[in-house]
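Visitor: Okay, predicted coordinates and the sequence, questions at the end:
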Amino acid sequence: MLIVADTSPLNYLVLVEAVHILPRLYGRIVIPPQVYLELQQPDTPSVVRAWARVKPDWLELRTPLSIDSSLPLDVGEAAAIALAGELKADRLLIDERDGRQVARRLGIPIAGTLDVLKDGATAGLVDLNTAFERLKKTTFRASPELFAQMLAEFQAGSRKMRP
């Protein structure tokens, strides 16, 4: 599976201590250098900067051939979308609404931090309640209804899988 990630999902997965699920769910994750630089900016939480300084083996940097600078997105989002399109990624991990809309319009399959956490919980790699509670203590923005909906979907799926 080929996964490209934008900054936000990596940032939040590090903050909620769940970034370890990425290689177990997807194998290698590809990011553009612009995303890698965003993970190391002074305003990025120190734990995220420290994680990025010691880049894990499963995180691969690749430069997109072309970035559409006319897109109303920050440079990391535009680069991640360009790279996902060029590589024909199975999924782009992205949270920001405008970036998600552009990716959808370009036919790029997307998932966000909540989706990754739900996938991780389904695989038994993380406790979804705990991860969501940790996420709510960060700057991550999602409605309480969305958290509840994702949790209900996970719980319904878990009940179906039991004998």
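Guide: That came in fine, so what should we check first? The structure presented is a predicted model; accordingly, all values stated were derived computationally and were not measured. Numbers count the residues shown, from 1 in each chain.
Visitor: The residue nearest to residue 129 when sequence neighbours are not counted sits in which helix or strand?
Guide: The spatially closest residue to residue 129, leaving aside those adjacent along the chain, is residue 151, at 7.1 Å (CB to CB, 6 or more residues apart in numbering). In this view, the C-beta of every residue, glycine as well, is placed from N, C-alpha and C. Here residue 151, judged by DSSP states H and E, is contained in helix 144-161.
Visitor: Can you list the buried residues in that helix?
Guide: With burial defined by 16 or more other CB atoms under 10 Å, the residues of helix 144-161 counted as buried are 147, 150, 151, 154.
Visitor: From residue 39, how far out is residue 66?
Guide: Distance check for residue 66 against residue 39: by CB to CB, to the nearest Å, it reads 23 Å.
Visitor: These two - which one has more neighbours?
Guide: Legend: neighbour count by other CB atoms under 10 Å for residue 66 and residue 39, higher for residue 39 (21 against 8).
Visitor: pLDDT score for that one?
Guide: On pLDDT, residue 39 comes in at 97.
Visitor: need the contact list for the closest residue to it other than its chain neighbours.
Guide: Excluding the flanking residues, the one nearest residue 39 by CB to CB, 6+ apart is residue 52, at 3.9 Å. Neighbour list for residue 52: 36, 39, 40, 44 [criterion: CB atoms under 8 Å, 6 or more residues apart in numbering].
Visitor: Out of those residues, the closest to residue 137 would be?
Guide: Set against residue 137, the nearest of the contacts of residue 52 by CB to CB is residue 44 (16.8 Å).
Visitor: what number of residues lie near the closest one?
Guide: Neighbour tally, residue 44, other CB under 10 Å: 18.
Visitor: How about the contacts made by it?
Guide: Residue 44 makes contact with 11, 38, 52 under the criterion CB under 8 Å, 6+ apart.
Visitor: For residue 25, see how far away the second one is.
Guide: It stands for residue 38. Using CB to CB, one gets 22 Å for the distance from residue 38 to residue 25.
Visitor: More neighbours: the two, which one.
Guide: Neighbours were counted for residue 38 and for residue 25 using other CB under 10 Å; residue 38 has more, 25 against 17.
Visitor: quick revisit: residue 122 versus the residue nearest to residue 129, what's the distance?
Guide: Going from residue 151 to residue 122 by CB to CB gives 12 Å.
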